[in-house]
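Undergrad: show me how the following folds:
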Amino acid sequence: MKNSYVWAVLGVIVFFTPFFLFDSVYNVYNQWNTVNPISLAFLKFAILATFGEVLGLRIKTGKYIVSGFGLLPRAIIWGFYGMWIAAAMGIFRSGVPAFMDKFAVFHGMAEAMGGGFSAMKLLGAFFISVMMNTSFAPVFMTLHKITDTHIVNHEGKVSCLWKPIPVKKIITTLNWDVQWNFVFKKTIPLFWIPAHTLTFILPTNFQVLFAAILGVVLGLILSIAVIKSK
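TA: Below you'll find the predicted structure:
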(Lines give C-alpha, C1' and ligand atoms only; values in the text may rest on other atoms or scores of the structure.)
Protein backbone atom coordinates (compact mmCIF):
# COMPACT_ATOMS: atom_id res chain seq x y z
CA MET A 1 0.00 0.00 0.00
CA LYS A 2 1.40 3.38 -1.02
CA ASN A 3 2.17 5.94 1.68
CA SER A 4 -0.60 8.26 0.47
CA TYR A 5 -3.21 5.54 0.96
CA VAL A 6 -1.84 4.81 4.42
CA TRP A 7 -2.23 8.46 5.36
CA ALA A 8 -5.78 8.48 3.98
CA VAL A 9 -6.72 5.44 6.08
CA LEU A 10 -5.09 6.95 9.16
CA GLY A 11 -7.01 10.18 8.57
CA VAL A 12 -10.31 8.29 8.56
CA ILE A 13 -9.38 6.45 11.77
CA VAL A 14 -8.39 9.70 13.50
CA PHE A 15 -11.63 11.34 12.38
CA PHE A 16 -13.88 8.64 13.86
CA THR A 17 -11.85 7.63 16.92
CA PRO A 18 -13.09 10.46 19.23
CA PHE A 19 -16.69 9.24 18.79
CA PHE A 20 -15.70 5.90 20.31
CA LEU A 21 -13.23 7.09 22.96
CA PHE A 22 -14.96 10.14 24.41
CA ASP A 23 -18.53 10.07 25.69
CA SER A 24 -18.71 13.87 25.49
CA VAL A 25 -18.09 13.82 21.72
CA TYR A 26 -20.63 11.05 21.23
CA ASN A 27 -23.19 12.91 23.36
CA VAL A 28 -22.71 16.14 21.39
CA TYR A 29 -23.29 14.19 18.19
CA ASN A 30 -26.48 12.62 19.54
CA GLN A 31 -27.78 15.93 20.85
CA TRP A 32 -27.12 17.73 17.59
CA ASN A 33 -28.65 14.85 15.65
CA THR A 34 -31.79 15.10 17.78
CA VAL A 35 -32.16 18.89 17.66
CA ASN A 36 -31.20 19.58 14.04
CA PRO A 37 -30.50 16.41 12.05
CA ILE A 38 -30.74 18.16 8.67
CA SER A 39 -27.85 20.56 9.35
CA LEU A 40 -25.75 17.66 10.65
CA ALA A 41 -26.58 15.73 7.49
CA PHE A 42 -25.13 18.65 5.53
CA LEU A 43 -21.81 18.29 7.36
CA LYS A 44 -21.73 14.49 7.18
CA PHE A 45 -22.10 14.39 3.42
CA ALA A 46 -20.01 17.50 2.76
CA ILE A 47 -17.09 15.81 4.52
CA LEU A 48 -17.49 12.09 3.88
CA ALA A 49 -18.99 12.00 0.38
CA THR A 50 -16.50 14.59 -0.83
CA PHE A 51 -13.73 12.46 0.66
CA GLY A 52 -15.07 9.59 -1.43
CA GLU A 53 -14.76 11.70 -4.56
CA VAL A 54 -11.20 12.64 -3.60
CA LEU A 55 -10.35 8.95 -3.30
CA GLY A 56 -12.01 8.36 -6.64
CA LEU A 57 -9.89 11.12 -8.15
CA ARG A 58 -6.83 9.39 -6.77
CA ILE A 59 -7.85 6.19 -8.57
CA LYS A 60 -8.40 8.03 -11.86
CA THR A 61 -5.40 10.36 -11.87
CA GLY A 62 -2.99 9.19 -9.18
CA LYS A 63 -3.53 12.48 -7.35
CA TYR A 64 -5.88 13.52 -4.56
CA ILE A 65 -6.37 17.05 -5.89
CA VAL A 66 -5.97 18.33 -9.43
CA SER A 67 -6.62 21.69 -11.04
CA GLY A 68 -10.28 22.12 -11.91
CA PHE A 69 -11.52 19.44 -9.50
CA GLY A 70 -13.51 21.95 -7.45
CA LEU A 71 -13.18 20.61 -3.92
CA LEU A 72 -15.18 23.40 -2.28
CA PRO A 73 -18.15 23.46 -4.69
CA ARG A 74 -18.31 19.67 -4.57
CA ALA A 75 -18.41 19.73 -0.76
CA ILE A 76 -21.15 22.39 -0.72
CA ILE A 77 -23.28 20.55 -3.26
CA TRP A 78 -22.77 17.28 -1.38
CA GLY A 79 -23.93 19.04 1.77
CA PHE A 80 -27.22 20.01 0.15
CA TYR A 81 -27.56 16.52 -1.30
CA GLY A 82 -27.07 15.22 2.25
CA MET A 83 -30.02 17.28 3.47
CA TRP A 84 -32.14 15.91 0.62
CA ILE A 85 -31.02 12.34 1.28
CA ALA A 86 -31.72 12.66 5.03
CA ALA A 87 -35.25 13.89 4.30
CA ALA A 88 -35.83 11.08 1.79
CA MET A 89 -34.58 8.48 4.25
CA GLY A 90 -36.99 9.76 6.89
CA ILE A 91 -39.92 9.61 4.46
CA PHE A 92 -39.15 6.09 3.25
CA ARG A 93 -38.29 4.88 6.77
CA SER A 94 -41.72 5.94 8.03
CA GLY A 95 -43.85 5.48 4.94
CA VAL A 96 -42.88 2.04 3.66
CA PRO A 97 -43.42 0.10 6.94
CA ALA A 98 -46.69 1.99 7.55
CA PHE A 99 -47.93 0.92 4.12
CA MET A 100 -46.75 -2.69 4.44
CA ASP A 101 -48.40 -2.89 7.87
CA LYS A 102 -51.77 -2.86 6.10
CA PHE A 103 -51.14 -6.35 4.75
CA ALA A 104 -51.84 -9.18 7.18
CA VAL A 105 -48.62 -11.02 6.39
CA PHE A 106 -46.55 -7.93 7.22
CA HIS A 107 -48.62 -6.71 10.15
CA GLY A 108 -46.38 -5.38 12.92
CA MET A 109 -43.63 -4.20 10.56
CA ALA A 110 -43.93 -0.53 11.58
CA GLU A 111 -43.56 -1.47 15.25
CA ALA A 112 -40.71 -3.87 14.49
CA MET A 113 -38.69 -1.11 12.82
CA GLY A 114 -38.47 0.71 16.16
CA GLY A 115 -37.32 -2.33 18.12
CA GLY A 116 -34.36 -4.66 18.20
CA PHE A 117 -33.22 -6.89 15.39
CA SER A 118 -35.80 -9.37 14.15
CA ALA A 119 -36.79 -11.11 10.94
CA MET A 120 -39.61 -8.59 10.46
CA LYS A 121 -37.22 -5.65 10.94
CA LEU A 122 -34.81 -7.16 8.41
CA LEU A 123 -37.65 -7.58 5.93
CA GLY A 124 -38.82 -4.03 6.58
CA ALA A 125 -35.32 -2.64 6.06
CA PHE A 126 -35.12 -4.55 2.78
CA PHE A 127 -38.45 -3.14 1.55
CA ILE A 128 -37.41 0.41 2.50
CA SER A 129 -34.12 -0.02 0.67
CA VAL A 130 -35.79 -1.43 -2.45
CA MET A 131 -38.31 1.40 -2.62
CA MET A 132 -35.72 4.12 -2.03
CA ASN A 133 -33.19 2.70 -4.47
CA THR A 134 -35.65 2.08 -7.29
CA SER A 135 -37.34 5.49 -7.11
CA PHE A 136 -35.23 8.12 -5.36
CA ALA A 137 -31.72 6.80 -6.11
CA PRO A 138 -31.80 6.93 -9.96
CA VAL A 139 -33.02 10.53 -9.87
CA PHE A 140 -30.36 11.48 -7.32
CA MET A 141 -27.55 9.71 -9.21
CA THR A 142 -28.50 11.43 -12.47
CA LEU A 143 -28.75 14.84 -10.82
CA HIS A 144 -25.38 14.29 -9.14
CA LYS A 145 -23.82 13.48 -12.51
CA ILE A 146 -25.30 16.68 -13.95
CA THR A 147 -23.96 18.91 -11.16
CA ASP A 148 -20.62 17.11 -11.26
CA THR A 149 -20.36 17.83 -14.99
CA HIS A 150 -21.37 21.45 -14.35
CA ILE A 151 -18.48 21.85 -11.87
CA VAL A 152 -16.01 20.33 -14.32
CA ASN A 153 -17.25 22.56 -17.14
CA HIS A 154 -16.47 25.59 -14.95
CA GLU A 155 -13.02 24.26 -14.05
CA GLY A 156 -13.98 23.74 -10.42
CA LYS A 157 -14.52 27.44 -9.73
CA VAL A 158 -16.78 28.36 -6.80
CA SER A 159 -18.66 30.72 -9.12
CA CYS A 160 -20.30 27.67 -10.72
CA LEU A 161 -22.55 27.45 -7.66
CA TRP A 162 -24.55 30.53 -8.65
CA LYS A 163 -24.47 30.03 -12.42
CA PRO A 164 -27.47 28.39 -14.13
CA ILE A 165 -27.00 24.70 -14.87
CA PRO A 166 -27.69 23.87 -18.55
CA VAL A 167 -29.52 20.68 -17.64
CA LYS A 168 -30.82 19.95 -21.15
CA LYS A 169 -27.36 20.32 -22.68
CA ILE A 170 -25.61 18.21 -20.03
CA ILE A 171 -28.19 15.45 -19.79
CA THR A 172 -28.05 14.80 -23.53
CA THR A 173 -24.27 14.36 -23.41
CA LEU A 174 -24.19 11.87 -20.51
CA ASN A 175 -22.95 8.37 -21.23
CA TRP A 176 -26.27 6.62 -20.70
CA ASP A 177 -24.79 3.24 -21.60
CA VAL A 178 -22.59 3.40 -18.48
CA GLN A 179 -25.26 5.17 -16.42
CA TRP A 180 -27.81 2.44 -17.12
CA ASN A 181 -25.72 -0.71 -17.54
CA PHE A 182 -23.32 -0.02 -14.67
CA VAL A 183 -24.56 2.67 -12.27
CA PHE A 184 -28.25 1.68 -12.31
CA LYS A 185 -28.33 -1.92 -13.46
CA LYS A 186 -25.40 -3.25 -11.42
CA THR A 187 -24.65 -1.02 -8.45
CA ILE A 188 -28.28 -0.56 -7.33
CA PRO A 189 -29.25 -4.26 -6.99
CA LEU A 190 -25.81 -5.63 -6.15
CA PHE A 191 -24.55 -2.96 -3.75
CA TRP A 192 -26.98 -0.20 -2.80
CA ILE A 193 -30.02 -2.30 -1.93
CA PRO A 194 -28.02 -4.64 0.37
CA ALA A 195 -26.03 -1.71 1.82
CA HIS A 196 -29.11 0.35 2.62
CA THR A 197 -30.88 -2.71 4.02
CA LEU A 198 -28.10 -2.73 6.60
CA THR A 199 -28.49 1.05 6.99
CA PHE A 200 -32.14 0.81 8.02
CA ILE A 201 -31.42 -1.96 10.51
CA LEU A 202 -29.15 0.41 12.44
CA PRO A 203 -30.47 2.76 15.17
CA THR A 204 -32.13 5.82 13.62
CA ASN A 205 -29.50 8.30 14.82
CA PHE A 206 -26.77 6.39 12.97
CA GLN A 207 -28.57 5.80 9.68
CA VAL A 208 -27.72 9.09 7.97
CA LEU A 209 -24.12 8.85 9.22
CA PHE A 210 -23.80 5.36 7.74
CA ALA A 211 -25.36 6.60 4.51
CA ALA A 212 -22.76 9.37 4.41
CA ILE A 213 -20.01 6.80 4.92
CA LEU A 214 -21.49 4.91 1.99
CA GLY A 215 -21.06 8.18 0.11
CA VAL A 216 -17.34 7.43 0.20
CA VAL A 217 -18.11 4.23 -1.69
CA LEU A 218 -20.31 6.19 -4.09
CA GLY A 219 -17.36 8.40 -4.96
CA LEU A 220 -15.34 5.30 -5.82
CA ILE A 221 -18.18 3.82 -7.86
CA LEU A 222 -18.63 7.01 -9.87
CA SER A 223 -14.90 7.07 -10.56
CA ILE A 224 -15.07 3.51 -11.87
CA ALA A 225 -18.01 4.61 -14.05
CA VAL A 226 -15.91 7.42 -15.51
CA ILE A 227 -13.07 4.99 -16.24
CA LYS A 228 -15.51 2.58 -17.89
CA SER A 229 -16.99 5.37 -20.02
CA LYS A 230 -13.53 6.14 -21.37
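Undergrad: in this protein, which spans are strands?
TA: With strands called from DSSP state E, the chain shows none.
Undergrad: domain assignment for it?
TA: For the chain, automatic domain parsing gives the domain ranges 1-35, 38-229.
Undergrad: please produce CSV containing these, extended by mean pLDDT.
TA: CSV is the format used below for the domains of the chain (pLDDT from 0 to 100):
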stretch, mean pLDDT
domain 1-35, 65
domain 38-229, 90
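Undergrad: residues contacting residue 152?
TA: Residue 152 makes contacts with 68, 70, as judged by C-beta atoms under 8 Å, 6 or more residues apart in numbering. All C-beta atoms are positioned from the backbone trio N, CA, C, and that covers glycine.
Undergrad: need phi/psi at residue 62.
TA: The phi and psi values for residue 62, taken as degrees, to the nearest 10, are phi 90, psi 0.
Undergrad: any idea how far residue 213 is from it?
TA: Separation of residue 62 from residue 213 (C-beta to C-beta, to the nearest Å) stands at 24 Å.
Undergrad: ok, these two, which is more surrounded?
TA: With neighbours defined as other C-beta atoms under 10 Å, residue 62 and residue 213 compare such that residue 213 has more, 19 against 10.
Undergrad: these two touch, right, that one and residue 51?
TA: No: using C-beta atoms under 8 Å, residue 213 is not in contact with residue 51; the gap is 9.6 Å.
Undergrad: could you pull up the residues touching residue 113?
TA: Residue 113 makes contacts with 93, 97, 121, 124-125, 200, as judged by C-beta under 8 Å, 6+ apart.
Undergrad: now flag whichever of these is closest to residue 139.
TA: residue 93 (18.1 Å; C-beta to C-beta).
Undergrad: ok, the closest one - how many residues close by?
TA: For residue 93, using other C-beta under 10 Å, the count is 19.
Undergrad: kindly report the same for residue 23.
TA: A count of nearby residues for residue 23, using other C-beta under 10 Å, gives 9.
Undergrad: got it, and the one 10 residues further on?
TA: Residue 33 is flanked by 18 other residues according to other C-beta under 10 Å.
Undergrad: ok, back up a step: and among the domains of the chain, the most buried is which?
TA: Highest mean neighbour count among the domains of the chain (mean count of other C-beta atoms under 10 Å): domain 38-229, with a mean of 17.
Undergrad: picking that back up, closest to residue 111 among the contacts of residue 113?
TA: Within the contacts of residue 113, proximity to residue 111 (C-beta to C-beta) peaks at residue 97, which comes in at 8.5 Å.
Undergrad: residues in contact with the nearest residue to that closest one once chain neighbours are set aside?
TA: By the measure of C-beta to C-beta, 6 or more residues apart in numbering, the closest residue to residue 97 outside its immediate chain neighbours is residue 110, 4.2 Å from it. Residues near residue 110 by C-beta under 8 Å, 6+ apart: 97-98, 100-101, 124.
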